[in-house]
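In: Give me the fold of what follows.
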Amino acid sequence: MKFTKMAIVALAVMLTFAVTAQAAEKKVRWKLAMTWGPTAVPFSDAVENMAKMVEEMSGGNFVIRIDASNKHKSPFGVLDMVKLGQYDMGHSASYYWKGKDINLLPFTTMPFGMTAPEQYAWFYHGGGMELMQKAYAKHNVMSFPGGNTGNQMGGWFRKEINSLDDLKGLKMRIPGFAGEVLAKLGLTVTNIPSGELYTSLERGTIDALEWVGPGMDIRMGFHKIAPYYYTGWHEPATELQFLVNTKKFNKLSPANQAILKNAMKLASYGMYTQNYHMSAEAWAKIATDYPNIKIKTFPKSVMDAMKAANAELLKEKAIGNPLLAETLKSQADYQKKAREWTKMSDYLYLEDNL
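Out: Numbering: from 1, shown residues only. This is a model prediction of the structure:
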């Protein structure tokens with residue numbers, strides 16, 4: 001086969017472009033900012049595992065450097081840093097941004113909402129991912145599930161809660177919509193970075209706090225100050241998030257986009273199982289190793305008041321916020337449908353085998 005001089009030049013140009021593109025691919029170096037410190041296991045593990053998978057699957061061509069909150073010094077500034085391109089990615093929780101955009105609130109979890117399996121099914125098969133990307137589009141950011149804690153404990157309290165009067169006036173660290181629910185019931189609610197929780201409780205800056213569950217909480221030492229440990233209601237399926245700058249994502253090759261998305265998904269499920277294991281291990285040791293911890297459930301009168309306040313606030317927030325209303329309805333509809341199977345597959349099984 002004969003080539004004209006022009007064809008040879010064109011082929012050379014194409015080969016040069018291909019080599020240049022390949023070289024450019026090898027220079028993908030991203031930075032990720034976490035809301036957490038480097039020892040906040042398993043949150044930090046999820047990020048490290050994701051970055052490791054990206055590097056391995058790309059043959060070392062796509063490397064993500066991780067900056068914990070003690071380095072970038074802005075645990076609640078992660079969304080803005082990713083939005084502005086200071087960081088290519090972030091790892092945080094969507095409900096931290098409710099003050100910036102109420103539409104972002106529901107993608108972590110909601111009080112009395114879905115369990116982790118129900119919520120994952122909603123994300124990947126029930127329209128949740130589409131609604132989440134729609135909500136984050138105005139911020140020039142994409143959000144992906146970043147690891148679930150499952151049902152969180154209701155918090156550590158210095159004193160026993162026997163009635164609504166015992167809650168009134170308490171200062172409590174609790175984020176998300178649950179904080180608004182408790183504020184409506186008379187608590188003073190605040191949000192404090194994880195690295196400051198123990199000190200705030202020890203100094204009396206707060207009277208109570210919630211963090212995650214026994215796997216993470218026991219290591220923090222909260223039980224030394226506030227021994228009353230309450231069962232959960234407020235975060236039944238706390239999903240963390242990977243934030244990705246949209247422009248940076250669109251500049252990736254299709255291969256690297258696929259690698260990143262799959263690594264995030266695998267790391268998220270890995271964190272869910274790791275946290276479940278940590279909590280099971282810690283719970284098994286509470287009775288023998290931490291006998292001062294008093295496990296409690298909120299009285300029915302308190303739970304009923306929480307449910308009523310939650311329902312009232314949901315209606316209020318949805319007014320004038322069509323995207324929020326759409327998301328909340330989607331979650332409620334999916335929860336109603338999925339819960340029937342949850343009852344059959346999990347609840348009745350447990351009821352018959354405990």
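In: Now do the SS call for Asn151.
Out: coil (DSSP: H, G, I helix; E, B strand; the rest coil).
In: Any buried residues in stretch 44-62, and which?
Out: 44-51, 53-55, 57-58, 61-62 (16 or more other CB atoms under 10 Å). Yep, even glycine has a C-beta here, placed from its N, CA and C like the rest.
In: Out of these, which sit inside helices?
Out: 44-51, 53-55, 57 (DSSP state H).
In: Which parts of the stretch 51-200 of the chain are helices?
Out: For the stretch 51-200 of the chain, the helices defined by DSSP state H, counting those that start in this stretch cover 69-72, 78-83, 116-125, 128-136, 164-167, 176-184, 197-203.
In: quick one: average pLDDT of the fifth one?
Out: Helix 164-167 comes out with an average pLDDT of 96.
In: ok, and for that helix, which residues are buried?
Out: Those would be Leu167, for helix 164-167 by 16+ other CB under 10 Å.
In: Give the other helices and strands that that helix contacts.
Out: If you count contacts as 3 or more CB pairs under 8 Å, 6 or more residues apart in numbering; DSSP states H and E, helix 164-167 packs onto helix 300-318.
In: tell me the angle of the helix it packs on relative to helix 176-184?
Out: 110 degrees (axes from the mean of the first three to the mean of the last three CA atoms, to 10 degrees).
In: now helix 300-318, how far from the centre of its chain.
Out: Distance, stretch centre to chain centre, for helix 300-318: 23 Å (CA atoms, centre = their mean, to the nearest Å).
In: Need the helices of the stretch 51-200 of the chain in JSON lines (columns: distance to Asn275).
Out: Putting the helices of the stretch 51-200 of the chain into JSON lines (distance: least, CB to CB, whole Å) gives the following:
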{"stretch": "helix 69-72", "distance to Asn275": "19"}
{"stretch": "helix 78-83", "distance to Asn275": "20"}
{"stretch": "helix 116-125", "distance to Asn275": "10"}
{"stretch": "helix 128-136", "distance to Asn275": "20"}
{"stretch": "helix 164-167", "distance to Asn275": "28"}
{"stretch": "helix 176-184", "distance to Asn275": "18"}
{"stretch": "helix 197-203", "distance to Asn275": "17"}
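In: Let's see the pLDDT reported for Phe242.
Out: pLDDT, read off for Phe242, is 99.
In: can you check Thr149 too?
Out: So, for Thr149, pLDDT stands at 98.
In: Go ahead and confirm it touches Gly213.
Out: Yes - the pair Thr149 / Gly213 is scored as a contact, 6.4 Å apart, by CB atoms under 8 Å.
In: who touches both of the two?
Out: Residues touching both Thr149 and Gly213 by CB atoms under 8 Å, 6 or more residues apart in numbering: Asn275.
In: At the geometric centre of the protein, which residue sits there?
Out: Centroid-nearest residue in the chain, with CA atoms, centre = their mean: Leu240, separated by 1.4 Å.
In: Tell me the helix or strand right after whichever strand or helix holds that residue.
Out: Element membership for Leu240, per DSSP states H and E: strand 239-245. Sequence-wise, the next helix or strand downstream of strand 239-245 (DSSP H and E) is helix 246-251.
In: Would you mind listing the buried residues in that following helix?
Out: For helix 246-251, by 16+ other CB under 10 Å, it's 246, 248-249.
In: same deal with stretch 70-77?
Out: 72, 75-77.
In: now do the same end-to-end measure for that stretch.
Out: 13 Å (CA to CA, to the nearest Å).
In: Same check on stretch 30-38?
Out: So stretch 30-38: terminal residues 18 Å apart, CA to CA.
In: same check, this time on stretch 90-103
Out: 19 Å.
In: same deal with stretch 76-85?
Out: With CA to CA as the measure, stretch 76-85 spans 16 Å from end to end.
In: all helices for the stretch 201-350 of the chain, in order.
Out: Going by DSSP H, counting those that start in this stretch, the stretch 201-350 of the chain shows helices at 214-220, 246-251, 254-289, 300-318, 322-342, 348-353.
In: ranking these by burial, who's on top?
Out: Ranked by mean neighbour count, the helices of the stretch 201-350 of the chain are led by helix 214-220 with a mean of 20 (mean count of other CB atoms under 10 Å).
In: Now stretch 99-111: buried residues?
Out: Buried residues in stretch 99-111, counted by 16+ other CB under 10 Å: 101-111.
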